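# from the sequence below, what's the structure:
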Amino acid sequence: VKSGSGSLSGSTYTPPTTADTAVLTCTFTENGVTKTADLTVTITAVAPTLTSISIDPNTGSVATNGTFDLAAIVVTATYSDSSTKTVTDHTWSVKSGGGSISDSTYAPPITVGTAVLTCSFTENGVTVASEIVLSVTESAPRFILGEDGVVTDNQTDLQWYTQSGAIKNWYQIRDLVRGWTVAGGGWRLPTIQELKSLYPEGKYYIPGQISWSNDVLDYGSPSNNDESYGSMAWGFDLINNNTISGYRETAYDNVGYVAVGVRSTKSVSVTWVNLNKTSTIMLINDSEILLPTITPANATNQNLTWYSTDSSIANVDSSGKVTGIKDGKAIIVVKTEDGHCTAECVVTVSAPMTPVAMANVPAGK
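Numbers count the residues shown, from 1 in each chain. From the prediction side, this is the model:
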């Protein structure tokens, strides 16, 4: 090797691992005469070859009713020059143990066992693979029914409770649920989305509790939202398209509503409250119910206090029912127990118009 790098062994030249130019000298001697000639060799860089991949972690566990996120696994490729890099354009397949893979999410079989998943990566015509071994374990029950009748949902951190009775309207159900003291109280009406979270789409059950309809309806009054399933029909009474009061059995004996309450095992604070009106006008002895909305809808403590700035003009009861007493103006205030948020409605009360008798007036006068 005259210049450049690399090495010679016999008649074999081994170039360096990086791009370079080498000059090799050939020497020949005969009858005491020596001659040389040079060979210029251009050495080009060759991309390292993919040799293997490794995955981290390469073991794990998943419950029979759960899923395993394969996108969270780090896949590292190793090359012939010992360099490495993280790769994402790999593919997954189930080698053994059952289950299925969709969008990098593995859904296990319903039986306990072991699943082996294969990760494959291809580059420049070279394919390598590695495996992860998952233990498929028995699922903990999602719903647990306590001795006090409270159902705990381990997926959503919500607790549920129901009570039957001759309840006739949403306001009675709301007040009934808020007054429950079972298991320490703190109950409220569920939102529609919370109610829907009880079951997969198309299912109609609450494990450990009474059945629901095959869908939760988001519209209308009880008269047009009854949904039949087999011999049973259930109606839902909604207000503000936000909360649901309960259901009733209409197929057999119209037993009335079943109040449904929910509470979170994690405390959610009230941040705001408002009323459906900021002002209203009424006559003496007339009544009107003001509707409060608490934000967020799943706040843990939804207890409210109502009062009037002048109850001699207009008073209000614990359900927000305002009654006009005499001429004048009063402010109805609702206040949350949690966060002490308030909302107001100005109430103007007036006396009914008194008919005035018309005196007899001669014609033409």
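
# use CA for all of it now, contacts and neighbours both
Will do.

# surely Ser269 meets Ala297?
No: Ser269 is not in contact with Ala297 according to Cα atoms under 8 Å; the separation is 10.1 Å.

# more neighbours: the two, which one.
Ranked by neighbour count (other Cα atoms under 10 Å), Ser269 and Ala297 place Ala297 first, with 19 against 15.

# against Val260, how distant is the residue nearest to the more buried one when sequence neighbours are not counted?
Leaving out its chain neighbours, the residue that sits closest to Ala297 by Cα to Cα, 6 or more residues apart in numbering is Thr191, at 6.9 Å. Per Cα to Cα, to the nearest Å, Thr191 is found 11 Å from Val260.

# which strand residues bridge the closest residue to Gly60 other than its chain neighbours?
Spatial nearest neighbour of Gly60, excluding adjacent residues (Cα to Cα, 6+ apart): Leu134 at 4.7 Å. Leu134 has these beta-bridge partners by DSSP bridges: Gly60, Ala115.

# which residues does Leu134 contact?
By Cα atoms under 8 Å, 6 or more residues apart in numbering, the residues touching Leu134 are 59-62, 114-117.

# and the gap between it and Glu288?
62 Å.

# work out for me the element Thr162 sits within.
strand 158-164 (DSSP states H and E).

# and that strand, what does it pack onto?
Counting contacts by 3 or more Cα pairs under 8 Å, 6 or more residues apart in numbering; DSSP states H and E, strand 158-164 is packed against strand 151-153, strand 257-264.

# could you give the mean pLDDT of it?
The average pLDDT for strand 158-164 rounds to 81.

# and for stretch 331-340?
So the average pLDDT for stretch 331-340 ends up being 91.

# so which bits of that stretch are buried?
331-336, 338 (16 or more other Cα atoms under 10 Å).

# may I have that stretch as PDB, with CA atoms only?
These are the backbone C-alpha positions of stretch 331-340, laid out as PDB (Å, rounded to 0.1, in the frame of the first residue of the first chain):
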ATOM      1  CA  ILE A 331     -83.300  38.700  43.300                       C
ATOM      2  CA  ILE A 332     -83.300  34.900  43.500                       C
ATOM      3  CA  VAL A 333     -79.900  33.500  44.200                       C
ATOM      4  CA  VAL A 334     -78.600  29.900  43.900                       C
ATOM      5  CA  LYS A 335     -75.400  29.000  45.500                       C
ATOM      6  CA  THR A 336     -73.300  25.800  45.200                       C
ATOM      7  CA  GLU A 337     -72.200  24.100  48.400                       C
ATOM      8  CA  ASP A 338     -68.900  23.300  46.700                       C
ATOM      9  CA  GLY A 339     -66.900  26.300  45.500                       C
ATOM     10  CA  HIS A 340     -69.600  28.800  46.600                       C
END
